[in-house]
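1. Structure for this input, please:
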Amino acid sequence: MEPAIPKPKPNAIEVRGLSKTFGDFKAVDDISFSVPQGAVFAFLGPNGAGKSTTIKMLTTLLSPTKGSISLQGREVTEDPLQARKSFGIVFQDPSVDDELTAWENMELHGVLYGVSGSELDDRIEAMLRFVDLWDRREDPVKRYSGGMKRRLEIARALLHTPGILFLDEPTVGLDPQTRNHLWDYVQRLSKDKAVTVFLTTHYIEEAAKVATDVAVIDKGQLVAQGAPKKLMASTKTKTLEAAFIKLTGRSIRDEEAGAADRMRTFRRAWRR
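-> Model (predicted):
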């Protein structure tokens, strides 16, 4: 009997022909990519490249100008409410309530997602133990360090058992030790719980360490995608950071100037 051929993993994220325009400005220009279930996917790009706009479309905060997005088999534009149940998100800026305890932050999130009773209690305990915060569950979050708050945000994002976790610059402002611990948790999520992780970071060495697949966006267009080693080989470089610079250039991008340009374009389009 011939050995069974393993079936390929289904894709957790499918993006096809995705574009977003603000007046005459194309923030995202016809990009397509897929992310397998359980992968750690790094979405990299310089300031103003289109990363934030793409994430906002993936997480239903912005509607695409054209194209399609599927999360866990759900078409985002057709049923955004159901799509939101398929993912959790950790924003770049802290979003936990400092005046509440860790348990209360988790409990509030559970209520918003329709989880209650003993099921909610069990999930809160499981997630707080997963991120090593169970012993501090009754402490007000204002007493937490930056790293502890980040771990709480990850636990909260996973409370409703999503298949996808979006991490938008999750290690900004953290010390190297805490950053390493945070990425250890992320890798455990992918390996032990088959959670698909979609992350952005300006620390390219972090992406090289944890990502199974990388996509690079620049000026709204996808310029490369593949495993870190594949990108290094294609650019004939020895590090992912060197590959990134070769793909996107060495010029410094002014994020504030880019944002101002986009706002002016948006205002012109709005007046029309």
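
2. tell me which helix or strand of the chain sits lowest on mean pLDDT?
-> Among the helices and strands of the chain, helix 255-271 carries the lowest confidence by mean pLDDT, DSSP states H and E, at a mean of 47.

3. Helices of this protein, start to end?
-> Secondary structure of the chain (DSSP state H): helices at 51-58, 80-84, 102-112, 117-130, 146-157, 176-193, 204-210, 228-235, 240-248, 255-271.

4. quick one: Ser190 and Val40 touch, right?
-> Yes: counting by C-beta atoms under 8 Å, Ser190 touches Val40, with 5.0 Å between them. Every C-beta, even on glycine, is put in place using the N, C-alpha and C of the backbone.

5. And those two? Which one has more around it.
-> Just comparing Ser190 and Val40: by other C-beta atoms under 10 Å the higher neighbour count belongs to Val40, 25 against 20.

6. And for the nearest residue to Gly163 once chain neighbours are set aside, the neighbour number?
-> Nearest residue to Gly163, sequence neighbours excluded (C-beta to C-beta, 6 or more residues apart in numbering): Gln72, at 4.9 Å. A count of nearby residues for Gln72, using other C-beta under 10 Å, gives 19.

7. cool, and the one 4 residues further on?
-> For Val76, the neighbour count with other C-beta under 10 Å is 23.

8. coming back round to it: overlap in contacts of Ser190 and Val40?
-> Counting by C-beta atoms under 8 Å, 6 or more residues apart in numbering, the common neighbours of Ser190 and Val40 are 197, 212.

9. Thought Ser86 was touching the residue nearest to Gly163, still the case?
-> Yes: if you go by C-beta under 8 Å, Gln72 and Ser86 touch, sitting 4.1 Å apart.

10. overlap in contacts of these two?
-> What both Gln72 and Ser86 touch, as defined by C-beta under 8 Å, 6+ apart, is the set 163-164.

11. For the nearest residue to Phe166 once chain neighbours are set aside, grab the count of nearby residues.
-> Distances taken as C-beta to C-beta, 6+ apart put Ile89 closest to Phe166, at 4.2 Å, once the chain neighbours are dropped. Neighbour count of Ile89, defined by other C-beta under 10 Å: 20.

12. now swap in Ser118 and tell me
-> Ser118 has 7 neighbours, counted by other C-beta under 10 Å.

13. got the contact list for stretch 229-241?
-> Here stretch 229-241 has contacts from 204-205, 207-208, 214, 216, 224, 226, 228, 242-243, 246-247, using C-beta under 8 Å, 6+ apart.

14. For those residues, which single residue is the most surrounded?
-> Using other C-beta under 10 Å as the neighbour test, the contacts of stretch 229-241 are led by Ala243, with 27 neighbours.

15. List the residues that contact it.
-> Per C-beta under 8 Å, 6+ apart, neighbours of Ala243: 224, 228, 231-232, 234-235, 237.

16. Any stretches of the stretch 151-272 of the chain with poor pLDDT?
-> 252-272 (pLDDT under 70).

17. hmm, try it at 80
-> Counting by pLDDT under 80, the stretch 151-272 of the chain contains low-confidence ranges at 250-272.

18. Now Ser63. Nearest residue, chain neighbours left out?
-> Thr77 (6.8 Å).

19. Let me know whether the one you found touches Pro64 as I believe.
-> Yes: using C-beta under 8 Å, Thr77 makes contact with Pro64 at a distance of 6.6 Å.
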